[in-house]
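Colleague: Sequence and predicted structure below; questions after.
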Amino acid sequence: MGARRTTAVVGALPIGTRTDFLHGSVTRLSTAVRRDSRRVRQGSSAAPVPVASCVTVNAPQVVHSTGAELTWPAYTDPSTATGDDIVEYQVHRSVFQSFTPSSQTLVSPVANDRTAFTDSTATPTPADSADSFGNVFYYMVAVKTKDGQIIPAPTQIVRLPKAGRTTMVLQGIGTDTTLASAQPTSGHDQLSDSDINRTWLSVGNNSSTYGKTRSLLKFPLSGIPASSRVLEAQLDLWGFTTTTGTDGAVYEVHGLTKDFDETAATWNNTTATTPWTTAGGDMDAAVADTVGTVTNDPARQSWYLTSLAQNWVTNPASNKGLALRLQDESAAGPQERTVFLSSEAEEAQLRPQLVVT
Ligand SMILES: [Ca+2]
Ligand SMILES: [Ca+2]
């Protein structure tokens with residue numbers, strides 16, 4: 001079980017002035033997402049290094065206590081000259097975010113016809129260590145060329161789990177949509193904002209257009225063996241904007257008890273033809289976790305769903321997804337709505353993710 005830390009948030013959001021989502025005042029968005037140096041997230045990458053023809057390692061989806069399972073796009077040979085032809089890839093690893101690849105950081109050369117490597121060389125942090133996670137490393141895939149150059153690349157941060165553990169990062173591969181009580185027969189896989197369809201999810205109770213909104217999300221966990229023990233499952237959503245009428249809103253996660261079709265689900269229906277038993281989504285009464293005090297600053301919000309995810313792993317048929325809703329959706333309760341980026345958002349690193357260890 002890990003402590004509640006994660007997230008190096010890296011990324012940029014669109015620039016500009018826009019009308020506030022779901023009817024409201026005009027707000028000015030900052031040009032870039034602030035970086036929160038207190039937190040380190042699995043699978044975020046460093047700022048791009050402007051190097052021609054470098055190879056940027058992908059955010060890993062599977063991380064072992066001995067290292068990450070890495071993949072990367074193939075090197076693009078920049079010219080017909082032979083000097084810049086690839087000889088081999090090189091996987092490098094450092095405890096520093098910025099480093100020059102050298103023999104001291106080299107983990108392994110990789111043949112030039114391969115674009116994957118599983119690092120198994122890190123010394124695992126003992127399972128009984130007081131730390132909740134193992135070491136943090138930065139990986140780089142460099143390219144060695146025929147003329148002897150080593151082309152560096154942006155690094156990828158990875159936090160290793162402790163000995164005997166594996167972390168799966170599920171991002172951008174789930175399904176999600178919004179249910180809206182004031183438009184109970186319309187699907188909202190995208191939300192309209194100033195007549196533009198946005199890849200957003202909404203949770204709240206103070207929209208004159210949509211009424212109460214709840215977000216549904218589902219992550220496929222089929223890659224995790226059913227016998228696995230889940231030590232921690234962390235849901236991360238990128239909060240894009242929050243509109244608060246009265247303070248105090250609390251955001252709850254519940255396990256869904258009926259599957260949903262992300263393109264057809266509505267407040268009334270779970271698919272195009274099947275109604276929910278209870279309009280607004282059939283869900284467990286139990287609350288898996290809550291988050292309060294969401295401000296209008298763009299920020300990652302995290303919920304911890306360990307026992308819910310354990311059920312999904314042990315009994316895959318029980319994984320119907322989850323619902324995110326306000327604790328008190330009534331007119332007497334705190335009035336607020338938050339827009340989160342969805343699994344179709346352009347900013348791949350800011351899409352919803354479930355990190356399971
Ligand atoms: Ca060439
Ligand atoms: Ca979606």
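Modeller: Noted; the coordinates are in hand. Ligands and ions are numbered 1, 2, ... in the order given.
Colleague: low-scoring stretches of the stretch 251-357 of the chain, by residue?
Modeller: The model of the stretch 251-357 of the chain has no residue with pLDDT under 70.
Colleague: In it, what residue comes closest to ligand 1?
Modeller: When scored by Cβ to the ion, the stretch 251-357 of the chain has A348 as its residue closest to ligand 1, at 29.6 Å. C-beta here means a position set from N, CA and C on the backbone, and glycine is covered the same way.
Colleague: Quick check: chain neighbours aside, which residue is closest to that residue?
Modeller: Leaving aside its sequence neighbours, A348 sits nearest to G172 (Cβ to Cβ, 6 or more residues apart in numbering; 5.7 Å).
Colleague: for that neighbour, what are its contacts?
Modeller: When contacts are counted by Cβ atoms under 8 Å, 6 or more residues apart in numbering, G172 is found next to S343, A348, R351, Q353.
Colleague: One more pass at 6 Å, please.
Modeller: Going by Cβ atoms under 6 Å, 6 or more residues apart in numbering, G172 touches S343, A348, R351.
Colleague: Could you check how many residues crowd around the residue of the stretch 251-357 of the chain closest to ligand 1?
Modeller: Using other Cβ atoms under 10 Å, A348 has 14 other residues around it.
Colleague: Look up how far A59 lies from it.
Modeller: Here A348 is placed at a distance of 8 Å from A59 (Cβ to Cβ, to the nearest Å).
Colleague: Same question for the nearest residue to D189 once chain neighbours are set aside, what's its three-state structure.
Modeller: Excluding its sequence neighbours, the residue lying closest to D189 (Cβ to Cβ, 6+ apart) is T177, at 4.6 Å. Of the three states, T177 takes strand according to DSSP: H, G, I helix; E, B strand; the rest coil.
Colleague: Flag the shaky bits of the protein, pLDDT-wise.
Modeller: 1-52.
Colleague: Can you pull the residues of it lying near ligand 1?
Modeller: D77, S79, D84, D85 (Cβ under 5 Å from the ion).
Colleague: Any idea how many residues pack against N315?
Modeller: Neighbour count of N315, defined by other Cβ under 10 Å: 10.
Colleague: List phi and psi for the residue nearest to it when sequence neighbours are not counted.
Modeller: The shortest distance from N315 to any non-neighbouring residue, by Cβ to Cβ, 6+ apart, is to A226 (7.7 Å). Backbone torsions for A226, taken as degrees, to the nearest 10, come to phi -60, psi -20.
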